[in-house]
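**Student:** Sequence and predicted structure are below.
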Amino acid sequence: MSTEKGKEEKKKVEIFDTEENLAVDFHRRCSGGSLIKSLRKLVEVGSIDWSRWHFFWVDERVVPKHHEDSNYKLAYDAFLSKVPIPPGNVYAINDSLSPEAAAEDYETCLKHLVQTGVIRVSESTGFPKFDLMLLGMGPDGHVASLFPGHGLCGEEKRWVGFVTDSPKPPSERITFTFPVINSSACVALVVCGSGKAEAVEAALKKTGDL
């Protein structure tokens with residue numbers, strides 16, 4: 001994993017011919033939406049000590065956990081239910097709360113885990129420092145639930161924000177803010193499909209709002 005000091009030098013773009021090849025390479029790196037499908041190869045690895053893993057949601061739709069739009073349901077059905085992760089190491093949002101209250105509750109949870117040593121803190125930013133942040137990207141270039149041009153993209157203090165006007169349904173969501181994402185030890189932005197190619201190009205060239 002890259003360190004904060006060397007993060008800028010270790011940025012790298014890798015291109016794969018197929019999603020299957022991406023998933024194979026992805027599992028090799030992680031051993032030492034669509035993103036969840038790319039984790040499927042990890043299920044086949046028998047040498048992972050899952051008791052040492054803690055799972056969080058970079059963003060989540062504020063819907064019941066059994067709802068088809070729930071990121072929790074997607075992750076549980078495709079991945080979490082297939083590996084022996086202790087239930088206490090999986091941190092889902094409280095879906096019974098409003099978006100604002102759910103975001104505040106999740107941030108409180110993160111701060112408690114920082115105090116108890118489960119999550120480290122970045123010495124340079126003061127925000128939580130996750131070991132690995134896995135992100136997808138939408139055709140419009142959004143990551144997490146941070147949509148281009150949305151006011152939440154400029155948030156500099158909160159760890160977890162909330163959205164009630166997402167341009168992509170469902171409209172109510174919670175999301176990590178950019179300072180939290182950027183404080184991670186390693187960030188993997190995994191993007192598949194020709195429909196997202198223009199957004200990737202715009203992001204790499206830093207054009208528009210991306």
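**Tutor:** Cool, got the structure.

**Student:** measure the most centrally placed residue in the chain to residue 51 for me?
**Tutor:** In the chain, the C-alpha closest to the average C-alpha coordinate belongs to residue 58, at a distance of 3.7 Å (Cα atoms, centre = their mean). Residue 58 sits 22 Å away from residue 51 when distances are taken as Cβ to Cβ, to the nearest Å. In short, each C-beta sits where N, CA and C put it, glycine included.

**Student:** now do residue 114
**Tutor:** Residue 114 sits 20 Å away from residue 51, taking Cβ to Cβ as the criterion.

**Student:** More neighbours: those two, which one.
**Tutor:** Comparing residue 114 with residue 51 by other Cβ atoms under 10 Å, the one with more neighbours is residue 114, at 16 against 10.

**Student:** Tell me which residues touch that one, please.
**Tutor:** Residues in contact with residue 114, defined by Cβ atoms under 8 Å, 6 or more residues apart in numbering, are 120-121, 128.

**Student:** most surrounded residue in the residues you listed?
**Tutor:** Within the contacts of residue 114, neighbour counts (other Cβ under 10 Å) peak at residue 128, which reaches 22 neighbours.

**Student:** what's it sitting at in phi/psi?
**Tutor:** The phi and psi torsions at residue 128 (degrees, to the nearest 10) take the values phi -60, psi 140.

**Student:** I'd like the distance between residue 86 and residue 80.
**Tutor:** The separation that residue 86 has from residue 80, given Cβ to Cβ, amounts to 11 Å.

**Student:** again with residue 128
**Tutor:** 21 Å.

**Student:** Tell me, how many residues neighbour residue 156?
**Tutor:** 8.

**Student:** just checking, residue 48 touches residue 39?
**Tutor:** No. Residue 48 is beyond contact range of residue 39, at 11.8 Å (criterion: Cβ atoms under 8 Å).

**Student:** what about those two, which has more around it?
**Tutor:** Ranked by neighbour count (other Cβ under 10 Å), residue 48 and residue 39 place residue 39 first, with 20 against 16.

**Student:** dump the residue contacts of residue 164.
**Tutor:** Residues counted as contacts of residue 164 (Cβ under 8 Å, 6+ apart) are 99, 171-172.
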